[in-house]
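Student: Sequence and computational prediction follow.
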Amino acid sequence: MAALNRATKANYVVHDRIQAETTDREDHTFCGIMFPVKCKSILPIDHVIINSVAVRGALGPLTVWVTKNESLNGEIPMTKKSWRKIYEKTHRPSRVAYKELDFSDSPIILRPGQVKGIYIHSTRRGDEAIVYDNKAKQKTHDDSFITILPGRAHVSEKVFGAIPIWGWGSAWRDNREFVGQINYGAVYKLWNPAESLSFGENFRSAARCLLMCQRRSESPFAKLPDECVYYILNMCRWDWVNDTSDEMRRSQKQARRLARQRMEEEADHVLNDAAAEEGVTSANDDVADGEDEEEDEFMEEDSEASDEDSDDSESAASEEYAWGDHVSARDALIFNVEDSEESEDDAEFDREEWRHQSRFQHRGSLLGRSFLRARAHIFDVLNRGAQQDGNL
């Protein structure tokens with residue numbers, strides 16, 4: 001009976017406690033820090049459970065908040081009604097060691113690909129409550145399960161307050177990073193035919209080999225029905241056949257690259273057909289190629305600048321992330337989670353990726369212009385026909 005009612009997710013959290021610890025340069029201390037956390041979809045996990053965070057500083061009366069919305073779409077709202085309080089307690093100062101804020105009674109649950117905002121705030125008077133850093137790279141922390149992104153610091157003693165402690169100006173500072181630890185566990189998916197593509201290449205090969213053996217009459221597995229073989233695979237963990245997160249990340253990146261190449265080929269085919277029908281001249285092709293090269297050069301320069309920004313160096317004191325990052329209290333916190341499935345070893349703004357993207361966008365714009373010209377031509381023919389009918 002158990003073979004017919006297979007579980008879809010593990011009924012346990014990983015035994016090893018996973019601790020995500022950020023860099024700590026102690027660039028600033030103030031009242032609060034807000035930042036996004038994303039659950040990655042590289043490994044076959046059902047969800048991640050965040051049980052606590054740890055911070056340091058003068059601390060005082062602390063609260064921890066999490067966004068209510070399940071789909072943020074690249075923006076974290078700044079209104080209090082969009083957040084839910086999950087922790088509240090007063091702590092003594094802990095200026096050196098991290099102090100854990102345990103909200104395991106009301107944990108934060110993240111599904112693969114989902115992003116939630118976390119906001120840690122202290123109502124203690126003064127500017128020494130919570131330590132945080134200037135933004136130094138595109139990701140504050142990155143591992144096989146979660147990505148912590150740069151966020152926004154708060155310089156108001158009031159939760160979600162719009163007025164800073166000195167009484168004028170903005171209460172929020174962009175381009176700031178969370179300093180501390182996030183403690184979480186992961187609930188893995190269990191193998192089922194519908195979830196096979198979520199597992200690594202080694203696991204899929206083992207499943208395929210086992211099913212092939214079951215199809216051969218001379219194999220002992222031939223005596224087992226499909227449901228029993230499925231149940232055996234269902235009870236195997238994703239990494240029991242030596243799949244690793246790095247290998248799975250690389251295979252997924254390669255799959256995305258191949259999918260993009262197919263889209264480019266389809267766009268080229270459609271564009272060539274449209275150009276043949278309209279009789280586009282070679283001169284127009286030369287102009288388009290020139291625009292393409294210019295755009296490639298522009299994107300290459302932009303990529304080089306992005307690579308410099310993504311370097312994990314000691315450039316945290318750069319003027320770009322200094323006190324000029326004031327934002328309105330009503331402006332949503334904008335974040336970018338694209339390419340967050342890649343590790344820090346990969347170039348965050350790969351030059352070749354930008355070239356492919358710029359070419360694809362340029363072809364799309366050419367196709368759009370070709371369509372508009374064809375539509376205008378059709379309308380012109382119809383209008384001339386109507387005028388001729390009127391003259392008759």
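Tutor: Cool, got the structure. Residues are numbered from 1 along each chain as shown.

Student: neighbours of V48, just the number please.
Tutor: 26 (other Cβ atoms under 10 Å). Yep, even glycine has a C-beta here, placed from its N, CA and C like the rest.

Student: Quick check: nearest residue in space to H91, chain neighbours excluded?
Tutor: L59 (4.1 Å; Cβ to Cβ, 6 or more residues apart in numbering).

Student: for H154, same thing?
Tutor: G32 (3.5 Å).

Student: So the one you found is in contact with A153, correct?
Tutor: Yes: with contact defined as Cβ atoms under 8 Å, G32 counts as touching A153 (6.9 Å).

Student: for the chain, what spans make up the helices?
Tutor: 201-215, 226-234, 245-278, 282-310, 351-391 (DSSP state H).

Student: Counting neighbours, what do you get for the residue nearest to H154?
Tutor: Other residues close to G32 by other Cβ under 10 Å number 28.

Student: how close does it sit to V96?
Tutor: As defined by Cβ to Cβ, to the nearest Å, G32 lies at a distance of 20 Å from V96.

Student: Equivalent analysis for N192, please.
Tutor: 48 Å.

Student: just F203 next, same as before
Tutor: 44 Å.

Student: next one: I49
Tutor: The gap separating I49 from V96 is 28 Å, by Cβ to Cβ.

Student: In terms of neighbours, single out the busier of these two.
Tutor: Comparing I49 with V96 by neighbour count (other Cβ under 10 Å), the higher total belongs to I49, at 17 against 6.

Student: Check what pLDDT the more buried one gets.
Tutor: At I49, the pLDDT value in this model is 94.

Student: and what of D133?
Tutor: At D133, pLDDT is 96.

Student: go on, K68?
Tutor: 94.

Student: for L101, same thing?
Tutor: 97.

Student: Look at it and say how many residues are nearby.
Tutor: Neighbour number of L101 under other Cβ under 10 Å is 21.

Student: Can you pull the phi/psi pair for A10?
Tutor: phi -70, psi 150 (degrees, to the nearest 10).

Student: isn't it right up against I45?
Tutor: No: A10 is beyond contact range of I45, at 9.2 Å (criterion: Cβ under 8 Å).

Student: Pull the contacting residues for G60.
Tutor: 90-91, 93, 122-124, 129 (Cβ atoms under 8 Å, 6 or more residues apart in numbering).

Student: Tell me which two in the residues you listed are the farthest apart.
Tutor: Across the contacts of G60, no pair lies farther apart than P93 and T123, at 14.5 Å, counting by Cβ to Cβ.

Student: what's near enough to touch the closest residue to S144 other than its chain neighbours?
Tutor: Spatial nearest neighbour of S144, excluding adjacent residues (Cβ to Cβ, 6+ apart): S245 at 3.8 Å. Contact analysis of S245 by Cβ under 8 Å, 6+ apart lists 42-43, 144.

Student: for these, which one is nearest L258?
Tutor: Nearest to L258 among the contacts of S245, with distances taken as Cβ to Cβ, is I42, at 17.3 Å.

Student: My read is that T123 contacts K158, right?
Tutor: Yes: using Cβ under 8 Å, T123 makes contact with K158 at a distance of 7.1 Å.

Student: Between those two, which contacts overlap?
Tutor: Shared contacts of T123 and K158, defined by Cβ under 8 Å, 6+ apart, are absent.

Student: and I232, how many neighbours?
Tutor: Neighbours of I232 (other Cβ under 10 Å): 15.

Student: Compute the number of surrounding residues for the residue nearest to it when sequence neighbours are not counted.
Tutor: In space, I232 comes closest to L210 once its chain neighbours are excluded; the distance is 7.3 Å by Cβ to Cβ, 6+ apart. For L210, the count of nearby residues is 17 (other Cβ under 10 Å).

Student: Find me the pLDDT at L210, would you?
Tutor: L210 is assigned a pLDDT of 94 by the prediction.

Student: now T8
Tutor: T8 carries a pLDDT value of 80.

Student: Quick check: it touching V187?
Tutor: No: assessed by Cβ under 8 Å, T8 is found out of contact with V187, at 10.7 Å.

Student: which one of the two has more residues nearby?
Tutor: The residue with more neighbours, out of T8 and V187, is V187; 17 against 12, by other Cβ under 10 Å.

Student: and that one, bridged to which residues?
Tutor: Counting by DSSP bridges, V187 is bridged to H47.
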